[in-house]
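# With the input below, show me the fold.
(one chain, ligands or ions: 1)
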Amino acid sequence: MALKALDIFKLLPKTNCKKCGAPTCLAFAMKLAQKQASLDDCPDVSDEAKAELEGSAAPPIRLVTIGSGDSKLEIGNETVMFRHEETFYHQPGIGVIVRDDENVDERIAAIRELQFVRVGTEIGATIVAVENAGGDPAAFAAAAAAVQSLELPTVLIAEDPAAIEAALASCPDKRPLLHAATESNWEAFAKLAKDSGCPLAISAPDVDKLSELSEKVKAAGVEDIILDVTLGNISDTLQALTAIRRLGLKKGVKSLGYPCMTTCRSDNDFENVGECATYVAKYAGIVLTSMSAPEHILPLLTVRQNIYTDPRKPIQVESKLYEVGSVTPESPLLITTNFSLTYYTVEGEVEASRVPAYIGVIDTEGTSVLTAFASDKLTAENVSQFINSDEVKGAVSHKKVVIPGYVTVMSGALKEESGWEVQVGPREASGISKYLKTVWTP
Ligand code: SF4
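This is a model prediction of the structure:
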């Protein structure tokens with residue numbers, strides 16, 4: 001468990017020598033507790049105190065990395081039970097299972113299509129699993145090598161350690177997740193994980209047995225462990241995922257302080273999607289599924305994006321001049337804010353109107369029009385600065401700007417500040433189409 005500032009203070013030299021940059025040892029302890037300083041900054045701390053403080057600084061849920069390079073997946077190290085308490089940090093990997101006894105190339109081609117753009121952000125499958133379903137180590141190794149073309153972190157699923165060994169040789173330096181050590185084979189799997197430096201998934205029929213198994217695997221020298229919590233049904237699995245998060249985070253049970261994973265294989269796509277989405281919400285670090293159709297994967301990616309969006313930071317689009325349709329220098333220029341929802345609503349309505357137009361997006365720190373205006377983030381000054389920028393001058397030949405109807409009161413000040421003619425658009429985005437077709441005067 002993380003130590004409080006006073007507990008840390010008791011372990012410091014208490015000389016107030018200031019070598020760490022803090023005015024006193026207590027101030028340094030407070031910085032350490034808030035993770036704003038490193039213990040290395042104090043040169044006089046004793047080895048015993050260092051060992052104790054470093055132990056307490058370890059996250060209650062270990063951060064585990066699968067894969068290597070830019071596409072590596074980091075999971076774990078979460079700090080809260082509920083998103084509204086702070087935020088969730090590490091998005092779960094969502095991935096498709098490729099069986100080595102099916103047409104691997106077709107499956108890989110289907111996975112390649114699982115990339116989408118939603119509210120201006122690219123989302124897609126972030127992991128892939130290969131399963132030794134046919135039992136032939138050579139076919140498994142070939143399939144493991146083939147999926148590397150996706151450049152995604154890989155899970156190698158096999159019961160036979162020899163098959164895992166063969167697959168490992170076909171994707172060297174990729175740091176795949178080895179799946180899964182069980183009560184009957186854990187020694188061989190632990191040796192493979194330790195020798196290869198790869199993370200290891202462990203599987204057991206209930207939480208108590210998972211805890212026992214993780215202790216054994218850790219004692220064998222494996223640090224990066226993932227708990228496979230796939231139980232018989234959605235209710236048991238969800239309860240186990242929740243219990244593990246609570247025990248690891250709140251009770252400091254070290255043997256359960258690891259990220260979890262689940263595997264969903266229902267033939268009923270509706271059930272499969274519902275199950276996967278549930279585990280994305282609570283509390284799986286990896287969700288593997290037998291489905292691969294875009295209409296089945298997109299809902300899972302959408303849930304993940306929503307859950308893992310930091311509630312303290314609104315989703316924003318870049319502040320700049322956007323073109324909708326085949327614009328000309330005479331096209332209208334509408335002003336809005338950089339709150340994603342606001343921007344995409346305006347963009348959708350402009351597109352639907354079929355009147356090509358520019359949308360000028362003002363940086364209002366991700367707030368909507370009324371909130372931005374009320375908090376002085378959408379002002380005559382910053383709109384004036386934007387419409388008189390080189391970016392706008394280089395694209396628009398007229399000097400007429402359309403502002404949202406909700407900020408009509410700004411029009412006088414904006415006209416004076418900018419020298420532009422100010423036209424007042426509709427209050428709601430739904431009125432944009434009618435406005436552009438009937439009211440806008442070029
Ligand atoms: S360097 Fe260490 S002993 Fe000196 S003030 Fe900082 S914490 Fe205290």
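# Would you mind naming what in the protein lies close to the ligand?
When proximity is defined as C-beta under 6 Å from any ligand atom, the chain approaches the ligand at 12-13, 15-20, 22, 25, 28, 42, 44. C-beta: built from backbone N, CA, C; applies to glycine.
# Confirm for me that I244 is in contact with I226.
No: look at I244 against I226 with C-beta atoms under 8 Å: they stay out of range, at 11.3 Å.
# These two: who's more crowded?
Higher neighbour count among I244 and I226: I226, with 28 against 23, using other C-beta atoms under 10 Å.
# Alpha carbons only: can I get the strand or helix carrying that one in CSV?
Assigned by DSSP states H and E, I226 belongs to strand 225-228. C-alpha atoms of strand 225-228 as CSV (Å, rounded to 0.1, in the frame of the first residue of the first chain):
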residue,chain,number,x,y,z
ILE,A,225,1.7,-12.1,-14.6
ILE,A,226,-1.8,-11.7,-16.0
LEU,A,227,-4.7,-13.4,-14.4
ASP,A,228,-7.1,-15.1,-16.8
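# Okay, now the sheet partners of it, with direction.
strand 200-203 (parallel), strand 260-264 (parallel) (DSSP bridges).
# can you give me phi and psi for T408?
Note on T408: its backbone torsions stand at phi -50, psi -40 [degrees, to the nearest 10].
# roughly how far apart are it and C264?
52 Å (C-beta to C-beta, to the nearest Å).
# With neighbour numbers in mind, choose between the two.
C264 (24 against 13).
# just to revisit the earlier point, overlap of the contact sets of I244 and I226?
Shared contacts of I244 and I226, defined by C-beta atoms under 8 Å, 6 or more residues apart in numbering, comprise C260.
# Could you pull out the helices in the stretch 151-300 of the chain for me?
Here the stretch 151-300 of the chain has its helices, by DSSP state H, counting those that start in this stretch, at 161-170, 186-196, 207-219, 234-249, 269-281, 294-307.
# okay if I get these as CSV plus mean pLDDT?
Supplementary listing: these in CSV, determined by pLDDT from 0 to 100:
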stretch, mean pLDDT
helix 161-170, 95
helix 186-196, 97
helix 207-219, 97
helix 234-249, 96
helix 269-281, 97
helix 294-307, 96
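# Switch the ones you listed over to JSON lines; also include distance to V439.
Putting the helices of the stretch 151-300 of the chain into JSON lines (distance: least, C-beta to C-beta, whole Å) gives the following:
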{"stretch": "helix 161-170", "distance to V439": "65"}
{"stretch": "helix 186-196", "distance to V439": "67"}
{"stretch": "helix 207-219", "distance to V439": "64"}
{"stretch": "helix 234-249", "distance to V439": "53"}
{"stretch": "helix 269-281", "distance to V439": "43"}
{"stretch": "helix 294-307", "distance to V439": "36"}
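# which stretch among those helices comes nearest L63?
Of all the helices of the stretch 151-300 of the chain, helix 234-249 sits nearest to L63, with 12.6 Å by C-beta to C-beta.
# measure the closest residue in space to T289 that isn't next to it in sequence to A201 for me?
Take T289 and drop its neighbours on the chain: the residue closest to it by C-beta to C-beta, 6 or more residues apart in numbering is C264, 4.7 Å away. Distance, C264 to A201, using C-beta to C-beta: 15 Å.
# What about the closest residue to the ligand within the stretch 201-350 of the chain, how many residues nearby?
Nearest to the ligand, among the residues of the stretch 201-350 of the chain, is G252, at 25.9 Å (C-beta to the nearest ligand atom). Neighbour count for G252, taken as other C-beta under 10 Å: 12.
# so what pLDDT did it get?
We have a pLDDT of 86 for G252.
# Correct me if wrong: it contacts P60.
Yes: using C-beta under 8 Å, G252 is in contact with P60, at 6.3 Å.
# what helix or strand does F28 sit in?
Residue-wise, F28 maps onto helix 25-33 under DSSP H and E.
# After that helix, which helix or strand is next? Please name it.
Counting by DSSP H and E, what follows helix 25-33 is helix 47-57.
# Return the nearest residue of the stretch 51-200 of the chain with respect to the ligand.
For the stretch 51-200 of the chain, C-beta to the nearest ligand atom, closest residue to the ligand: L53, 11.1 Å.
# quick one: that residue from L3, how far?
From L53 to L3 the distance is 7 Å (C-beta to C-beta).
# Kindly report the same for A201.
On the measure of C-beta to C-beta, A201 and L3 end up 31 Å apart.
# Comparing those two, which residue is more hemmed in?
A201 (27 against 18).
# The more buried one pairs with what?
If you apply DSSP bridges, the partners that A201 bridges to are I226.
# From what I see, it and T182 are in contact.
No: taking C-beta under 8 Å as the definition, A201 is not a contact partner of T182, at 10.0 Å.
# Low-confidence regions, the stretch 51-200 of the chain specifically.
55-58 (pLDDT under 70).
# A22: what's it in contact with?
F28, K31, A37.
# if we go to 6 Å?
Each residue near A22 by C-beta atoms under 6 Å, 6 or more residues apart in numbering is listed here: F28.
# Quick check, central residue of this protein?
The centre of the chain sits closest to Q91, judged by C-alpha atoms, centre = their mean, with a distance of 3.5 Å.
# that older thread, relative to L168, which of the strands paired with strand 225-228 is closest?
The nearest among the strands paired with strand 225-228, by C-beta to C-beta, is strand 200-203 at 12.0 Å.
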